[in-house]
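**Q** here's a sequence, model it:
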Amino acid sequence: MAAKRGITLYHSPGSRAFTAYWMLEEIGVPFSVQPIDIRKGEQKAPEYLKLNPAGKVPTLTDGDVVVSENPAIAIYLADRYSYGTLAPRIEDKDRGAYLKWMVYATAVVDPVASLHRNNIDLPGFDVGFGAFDDMVSALTTTLADRKWLLGARFSAADVVLGGTISRLFYQQVLPEHPVLVEYNARLTHREAYHRAADATWPAHLYPTFQH
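**A** You can find the predicted model right below:
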């Protein structure tokens, strides 16, 4: 499965590829979509495994560049196509918090929430990503007095963490804390969010996902 010229997103409906799709819509660059049906096991096809040996979606190619994992895709796209806008510059004081929340979304929020969804709540001291309640507290405390993760400024970190939060609300994993509900509502008002949601969570298959 050779990489095409330009940007190609390897994407499956009803998957975490929503976040990468949303990121592409936010930066507004042309891209093509290569469907990968994870329900048919197409992510394990030999040609796809050459691009992403983990056999997961999303994967993004940009010419000869291959990137997988949502935070890495978002960091790559924001730095290359929206540096100084969706990505704080390296000398910007917000760059540290930006990178932290990029990583936190999938290194902490996603795994601890997935365990919680399966009725597994580990003591925070025993695992690197901490306890479920600690994760929720970190999010609500941070977002209690600000519009976006970096304050008044929307960034790619909101796409990565916000995409995770939206999916977890859809799966009814996160508590409906007013701070999180209001943050998610602000995210869903973005046009780029809607375009990605329509492509990833079609209403006829996922009628309760917020479009």
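**Q** ok, residues contacting the lowest-mean-pLDDT helix or strand in the chain?
**A** For the chain, using mean pLDDT, DSSP states H and E, the weakest element among its helices and strands is helix 110-117, scoring a mean of 89. Helix 110-117 has contacts (Cβ atoms under 8 Å, 6 or more residues apart in numbering) with 121-122, 127, 129-132, 135, 164, 168, 171, 173-174. For every residue, glycine as well, the C-beta is placed using N, CA and C.
**Q** who's in contact with residue 191?
**A** residue 25.
**Q** where does pLDDT dip in this structure?
**A** Scanning the chain for pLDDT under 70 picks out the ranges 1-5, 124-127, 204-205, 211.
**Q** just give me the longest helix of it.
**A** The residue-count maximum for a helix in the chain (DSSP state H) belongs to helix 156-170.
**Q** I'd like the next helix or strand past it.
**A** Once helix 156-170 ends, the next helix or strand along the chain (criterion: DSSP states H and E) is helix 178-188.
**Q** by contact count, what packs against that following helix?
**A** Counting contacts by 3 or more Cβ pairs under 8 Å, 6 or more residues apart in numbering; DSSP states H and E, helix 178-188 packs against helix 132-143, helix 156-170, helix 191-200.
**Q** go again using 7 Å as the cut-off
**A** The helices and strands touching helix 178-188, judged by 3 or more Cβ pairs under 7 Å, 6 or more residues apart in numbering; DSSP states H and E, are helix 132-143, helix 156-170.
**Q** neighbouring contacts of the longest one?
**A** Here helix 156-170 makes contact (Cβ atoms under 7 Å, 6 or more residues apart in numbering) with 18-19, 22-23, 26, 70-71, 74, 78, 86-87, 98, 101-102, 104-105, 109-110, 113, 148-150, 174, 180, 184, 187, 208-210.
**Q** filter these to the buried ones?
**A** Neighbour-count burial (16 or more other Cβ atoms under 10 Å) is assigned, among these, to 18-19, 22-23, 26, 70-71, 74, 78, 86-87, 98, 101-102, 104-105, 109-110, 113, 148-150, 174, 180, 184, 187, 209.
**Q** please name the residues that touch residue 71.
**A** 102-103, 105-106, 160.
**Q** just residue 87 next, same as before
**A** Here residue 87 is in contact with 78-79, 155-156 (criterion: Cβ under 7 Å, 6+ apart).
**Q** how about the closest residue to it other than its chain neighbours, what does it touch?
**A** Excluding its sequence neighbours, the residue lying closest to residue 87 (Cβ to Cβ, 6 or more residues apart in numbering) is residue 78, at 3.5 Å. By Cβ under 7 Å, 6+ apart, the contact list for residue 78 reads 86-87, 156.
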